[in-house]
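1. I would like to see how this sequence folds:
(one chain, ligands or ions: 1)
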Amino acid sequence: MDLETAARDVRENAYAPYSGFKVGAALRGASGAIYTGCNVENIAYPEGTCAEAGAIAAMVAAGETQFTAALVIADSPAPVSPCGGCRQKLAEFGAAQTPVTMATTSGLQTQTSVGELLPGAFSEAHMSGQE
Ligand code: THU
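-> Sure thing, here's the model as predicted:
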């Protein structure tokens, strides 16, 4: 299965009764396996989680900590852009050059990368030299 099909499929399961905005995300793990996630909202609004976070959790739960490609899809006028928190989460498990595809259900796509989404990301290098 390709990443777009996987993300489209999982998007159908999104729990988004408050925003009405369903999002699907799919990651290709370094092993080649695909991991998916959808947004899961909550009546206590800040407790909701993004599709990307769900896909990352699925990947890590399966024993992988690196992805080689990501795709995020929503029924939006322009390709959906990962939120700031998700950009940091993606940077934890993807390399700067790792491709990220932002897509709409109607077929628009924009290609970017983990590094382009979060230039100057806080990383382990910033913590070196600490006692
Ligand atoms: N959302 C995601 O799941 N991923 C994104 O990249 C953007 C936003 C979700 C969070 C919330 O459930 C809904 O979309 C509206 O913000």
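2. make it CA atoms for all contacts and neighbour counts henceforth
-> Will do.
3. My read is that Arg8 contacts Thr105, right?
-> Yes. The pair Arg8 / Thr105 is scored as a contact, 7.5 Å apart, by CA atoms under 8 Å.
4. between those two, which one's more packed in?
-> Remark: of Arg8 and Thr105, Arg8 carries more neighbours, 24 against 19, as counted by other CA atoms under 10 Å.
5. Need the overlap of contacts for Arg8 and Thr105.
-> Ile73 (CA atoms under 8 Å, 6 or more residues apart in numbering).
6. Give the phi and psi angles for the residue nearest the centre of the chain, as a check.
-> Nearest residue to the geometric centre of the chain (CA atoms, centre = their mean): Glu52, 2.8 Å. Backbone torsions of Glu52, given as degrees, to the nearest 10, read phi -60, psi -40.
7. you'd agree it is up against Gly37?
-> Yes. With contact defined as CA under 8 Å, Glu52 reaches Gly37; the gap is 6.2 Å.
8. Identify the contacts common to the two.
-> In contact with both Glu52 and Gly37: 24-26, using CA under 8 Å, 6+ apart.
9. Strands - which of these land there?
-> Those of the shared contacts of Glu52 and Gly37 mapping onto strands are 24-26, per DSSP state E.
10. Looking at these, state which has the most neighbours.
-> Ala26 (35 neighbours).
11. Quick check: residues of the chain near the ligand?
-> Residues of the chain lying near the ligand by CA under 6 Å from any ligand atom: 16, 19, 21, 23, 39, 41, 50-51, 81-83.
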